[in-house]
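In: Below are the sequence and a predicted model; questions follow.
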Amino acid sequence: MKIAVLTKAIPSYESSIRIDSSSTWIDESVVNFVVNESDSYALEEALQIKEKLDNGSEVVVVTMGSQDNTSKVLKDGLAKGADRAIFIQNEDSNTDPLSISKLFSQSLKDENFDLIFSGLQSDDLGSGQTGVLIGELLGMSTATLGIETDIQDGEIKIKRELESGWFQWVTLPFPASVSIQSGINEPRYPSLKGIMGAKRKELKVVDGQLSDSPKQNFIKLFLPKTEKATEKIEGDVDGIVAKLMDILKNKLRVIA
Amino acid sequence: MILVVLENQRGNIHAFSKEAVSAGQNLGSKLGMDVSILCMGENASSLKDQANDYKSQNLILAEHDMVNTYSADGYSKVLSDVITDLSPKYVIMGHSYMVRDFLPRVSAKLDIPFVSDIISVAYDGDNPVFARQVFNAKLATNIQPDSNSNTTLLSFQSAAFSSDNIELGGSDAASVFEVNLNTEDIKSSSEPEFQESASGVDLTTADVIVSVGRGIESQDNIPMVESLAKAMGAEIASSRPVVDMGWLPSYRQVGSSGQAVSPNLYFSVGISGAIQHVVGMKGSKNIIAINKDEEAPIFEIADYAVIGDLMEIVPKLTEELQK
């Protein structure tokens, strides 16, 4: 079984997000890039499948972006146990899911993966489309929001999460592209041995240039407007607590 | 022409689809375009009956044995064929989990843009500009799809448009789209939808909810928040990361994949306010949020924004409440 895991470097939760002078992207110089959360679950799922099958299966981590932002992501994947990595180098701040997916498809076509796993969405752009788009472009079957997987003879069963606590099992033939929901497993930490071994693993760099023009683009980033008249409460802890007590008691009347 | 596509949710028109009808009619009146409604796949003829009163130019039915149950293969093929036949300028759906599952396939098949999870629409002359949240709702962005594209796919986040504003008056015409599917078109198979054993709590009836997010940092701190909930007579709930880490059971989760709640008071502790969480609680009558990050998106929808350290505030508040 040959499994690709698509991972992305995204700004950490703690990073401050500032709009840059172009108004169409953020100032990356003040951002700490980390692995997208649901991608970690996707990688763990792939590693567990490989370990369970134990028949010369291969897990390949794939990412796209600039060298500076993504090197950590690939190192992390290799240290956790991926066999090799593919880096699609592309410095454009392209925000069109379809042209991003075309780049991935071009670069991965000849690998003939049986399975492509991706996180359900990236926590930066959040389109949640890439895994499905790539699946369609490469003629694979697709499913999203996988919360359990089961590899059987020539096919994969996936428990899909639906809205409001509902689920559904789907069965896909290989090759298949599946997006993974967070919480499906417990992502491992890299071992010291894994970290040392990562340096000796293959890292293939692909020049990612796209001839097509994007089908959609960010034209202006902005700060979301506050929908309500929000009252700010800050200061010392005693003051905050007294204020909250007053609100709970006298304004909202949720306590006597 | 604008084409709104309805989704079945256990026998009824999905709530998000009703909002999509409202969105389609709104866009149609702004752009001077007719609106047609497509009922396809699962339960399509019943959806058509339910949509009978909606004002539209054409109410279209697309049925076939092979899409009587949902599949990404089948739905993407049928909708692609409808679009190729009718050339709508915009195709509109609600941003449901089903739409996320198959609509990107249509985008790739037809090489057309899909702008997903839209929160609002503005107009640059006659060109609509679509806003969506990015960077975990810390920012929003305006998106303009390629104007050379014959068709653009759109999905709207819940509550971007209200189904209360659906214009009634029925359709001017009704038609049937002849669906062509072969067995090789559908490679996947799906089983019936199910709910996990409902051993949980019905958060939807709670008057007060104390909800905890990743800001709690460790499972060891969960009892601290449980004490606060107890002192307030509240149910405890959480955002997704807390459940993913196994700190609280999944039936405590509020958000798109958990429960949608609208209590009298939603007291949020250490929740940043990612979209997936906010859609499940923004209908709360009052929202108090504690977060140490002044720019946390949860503050945009909060009535009271408490900027401070929950580790200090929560125990002290609990102590006061217990007095």
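Out: On my side now, so go ahead.
In: Give the burial count for residue 161, as a bare number.
Out: Let's take chain A. 21 (other CB atoms under 10 Å in any protein chain shown). For the C-beta atoms, the positions are set from N, CA and C on the backbone; glycine is no exception.
In: my bad, chain B
Out: Look at residue B:161: counted by other CB under 10 Å, it has 26 neighbours.
In: can you tell me the helix or strand for it?
Out: Under the criterion DSSP states H and E, no helix or strand holds residue B:161.
In: what are the phi and psi angles of it?
Out: Per-residue torsions, residue B:161: phi -130, psi 150 (degrees, to the nearest 10).
In: again, but for residue B:23
Out: Here the main-chain torsion angles of residue B:23 (degrees, to the nearest 10) amount to phi -60, psi -40.
In: Provide a list of residues in contact with the residue nearest to residue A:205 when sequence neighbours are not counted.
Out: Across the structure, with CB to CB, 6 or more residues apart in numbering or on different chains as the measure, the residue nearest residue A:205 apart from its sequence neighbours is residue A:87 (5.0 Å). Going by CB atoms under 8 Å, 6 or more residues apart in numbering or on different chains, residue A:87 touches A:62-64, A:67, A:70, A:74, A:203-206.
In: Mark which of those residues are part of helices, please.
Out: With helices defined by DSSP state H, the entries of the contacts of residue A:87 inside them are A:67, A:70, A:74.
In: Drop anything exposed from those.
Out: For the ones in helices among the contacts of residue A:87, burial is judged from neighbour counts taken by 16 or more other CB atoms under 10 Å in any protein chain shown, and it is met by A:70, A:74.
In: so which of the ones in helices among the contacts of residue A:87 comes closest to chain B?
Out: Closest approach to chain B among the ones in helices among the contacts of residue A:87 (CB to the nearest CB): residue A:70, at 17.5 Å.
In: Which strands border the longest strand along chain A, and is each parallel or antiparallel?
Out: Once chain A is assigned using DSSP state E, the strand that runs over the most residues is strand A:141-152. Looking at strand A:141-152 with DSSP bridges, its paired strands and their directions are strand A:155-161 (antiparallel), strand A:176-180 (parallel).
In: looking at the ones you listed, which is buried most?
Out: The highest mean neighbour count among the strands paired with strand A:141-152 belongs to strand A:176-180 (a mean of 27), with neighbours defined as mean count of other CB atoms under 10 Å in any protein chain shown.
In: Report the distance from that strand to the chain centre.
Out: The gap between the average C-alpha position of strand A:176-180 and the chain average comes to 12 Å, counting by CA atoms, centre = their mean, to the nearest Å.
In: quick revisit: and the ones in helices among the contacts of residue A:87, which is closest to residue B:276?
Out: When the ones in helices among the contacts of residue A:87 are compared for distance to residue B:276, the smallest value, 24.8 Å, is given by residue A:70; criterion: CB to CB.
In: what sits against the closest one?
Out: Under the criterion of CB under 8 Å, 6+ apart, the contact partners of residue A:70 comprise A:9, A:33, A:63-64, A:87.
In: Pretty sure residue A:193 sits in a helix.
Out: Yes: counting by DSSP: H, G, I helix; E, B strand; the rest coil, residue A:193 is part of a helix.
In: Quick check: it vs chain B, distance?
Out: 26 Å (CB to the nearest CB, to the nearest Å).
In: Just read off the phi/psi values of the residue of the stretch 201-323 of chain B found nearest chain A.
Out: At 3.5 Å from chain A, residue B:244 is the closest residue in the stretch 201-323 of chain B, using CB to the nearest CB. Note on residue B:244: backbone dihedrals following degrees, to the nearest 10 are phi -60, psi -40.
In: Distance check, it against residue A:186.
Out: For residue B:244, the distance to residue A:186 under the criterion CB to CB, to the nearest Å works out to 9 Å.
In: Show me which of those two is the more surrounded one.
Out: The neighbour comparison of residue B:244 against residue A:186 (other CB under 10 Å) goes to residue B:244, with 22 against 11.
In: from memory the more buried one sits against residue A:185, does it?
Out: No: using CB atoms under 8 Å, residue B:244 is not in contact with residue A:185, being 9.8 Å away.
In: ranges for the strands of the stretch 101-250 of chain A?
Out: Counting by DSSP state E, counting those that start in this stretch, one finds strands in the stretch 101-250 of chain A at the ranges A:115-119, A:141-152, A:155-161, A:166-173, A:176-180, A:202-207, A:216-222, A:231-233.
In: Tell me which of those strands sits nearest to residue A:49.
Out: Comparison of these against residue A:49 by CB to CB identifies strand A:141-152 as nearest, at 5.9 Å.
In: returning to that earlier point: excluding covalently adjacent residues, which one is nearest to the residue of the stretch 201-323 of chain B closest to chain A?
Out: Beyond its immediate neighbours in the sequence, the residue positioned closest to residue B:244 (CB to CB, 6+ apart) is residue A:183, lying 3.5 Å away.
In: which ones are touching that neighbour?
Out: Residue A:183 touches A:41, A:147, B:240, B:243-244, B:250, counting by CB under 8 Å, 6+ apart.
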